[in-house]
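> Here's my sequence, what's the structure:
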Amino acid sequence: MKYLILLIFSAITFCILLSIIIYMIVSGDSYMYKTITKNGIKKCSTRKNWDTIDDRSKKYLLSEPFLGLLMNETKLWEKNTMDHDVQTENLKILKEFLESRNISYFIDCGTLLGAVRDKNIIKGDTDVDIQITQKGLDHLREDIKELEDVGFIAWRNEDNGFMALSLMRNGEYVDFYRTFVKSGAIKKFPFNLVSYPFLGIQFPAPEHYEEWLTELYGNWKVPASKKCSEEWKIGMPKYVKKYGKTKWISVGKPQ
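As a prediction, this is how the structure comes out:
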C-alpha cells in the first residue's frame, strides 16, 4: 500500500513539473506564438498582463490561467471598421521606432493602395500592412518591449511563411510581412524606396508604386474587393525582374 501511495505521489509530482516546464516554454521570452486551440485562438507573445491592456483591445483578447493572453482572431476577423485616428497614432509611433533603428520597411498592400489611390485609409479596411526585412524583424523583436511599454500587444509572431508579426494597440492592429529575404536575412530591400505621403506623414514606398500596385491588384484604380495577388506571395517577380538590384528569394508560399 505504501508503495502504491508513493507511486501515485511520484506520478502527480511528475505531472506538475511537466506542466510547469510546458508553461515556461509556451509563455517564455522566445516571442514565438504558439497555437493553443483551434477556432482562431492564438497565444500572444507579449509580456504585458491583463491589467495593463487598454479596454478597446481587451474585447479581442482572452486571459487564461497558466496560458496568459490569447488573441481571439475569429472575433478580430469580424471587425469591419478601423479608427483612423488610432491607426494614425499607431503608425507615428511605429515610424519613429523603426526609423530610429534604421530598420528598412515600407507600406504595402491595402495600405499602399489607400495612400496612392484614395489618399486615405481604404473604406472597409481593418488593418495596416507593412513590409519589413528579416534583419529588421530581428531588430524589432529585440526591442519590442519598448513598443509594449507604449501599449502594443504582439501576436502572430512567427518565422513561417510571409507573415512575421502583428501588433495591436487601442483595438487596432498592424501586420508586418517579410515576404522577401535573401540568404535568410537582408538589411535593406533590393530596390529603391521613395517617401510617400499618407495620413499627413511621409512613409517609405516602392519607387515605382503604380507598377507595384498593378502587379498586386491588376486595375487598382477602380475600387474592388480584391486581395493581394499570388505574385505578392511569391516575391513580386515582374517588379523585381525589372527594378531589383540583387537576386532575392521569397519565403512566402501561395495559399
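
> Look up how far residue 107 lies from residue 98.
Distance, residue 98 to residue 107, using CB to CB, to the nearest Å: 11 Å. Heads up, the C-betas are built off the backbone N, CA and C, glycines and all.

> okay, residue 177: pLDDT?
On pLDDT, residue 177 comes in at 90.

> Contacts only, for it.
108-109, 129-132, 162-164, 252 (CB atoms under 8 Å, 6 or more residues apart in numbering).

> Residue 213 reaches residue 118, doesn't it?
No: counting by CB atoms under 8 Å, residue 213 does not reach residue 118; the two are 11.9 Å apart.

> Have a look at these two and say which one is more surrounded.
Using other CB atoms under 10 Å as the criterion, residue 213 and residue 118 rank with residue 213 on top: 22 against 12.

> Show me what whichever strand or helix holds that one is packed against.
Assessed by DSSP states H and E, residue 213 sits inside helix 209-217. Secondary-structure packing of helix 209-217 (3 or more CB pairs under 8 Å, 6 or more residues apart in numbering; DSSP states H and E): helix 109-113, helix 230-233, helix 237-243.

> which of the ones you listed is buried the deepest?
helix 109-113 (a mean of 24; mean count of other CB atoms under 10 Å).

> Tell me the gap between that helix and the middle of its chain.
Distance of helix 109-113 from its chain centroid, counting by CA atoms, centre = their mean, to the nearest Å, is 15 Å.

> Quickly run through the sheet partners of the next helix or strand after it, with directions.
Next helix or strand after helix 109-113 toward the C-terminus (DSSP H and E): strand 127-132. Strand pairing for strand 127-132, determined by DSSP bridges: strand 105-107 (antiparallel), strand 172-177 (parallel).

> hmm, back to that, mean confidence for the helix holding residue 213?
pLDDT averaged over helix 209-217 gives 93.

> Please identify the buried residues of stretch 171-184?
Going by neighbour count (16 or more other CB atoms under 10 Å), the buried part of stretch 171-184 is 171-182.
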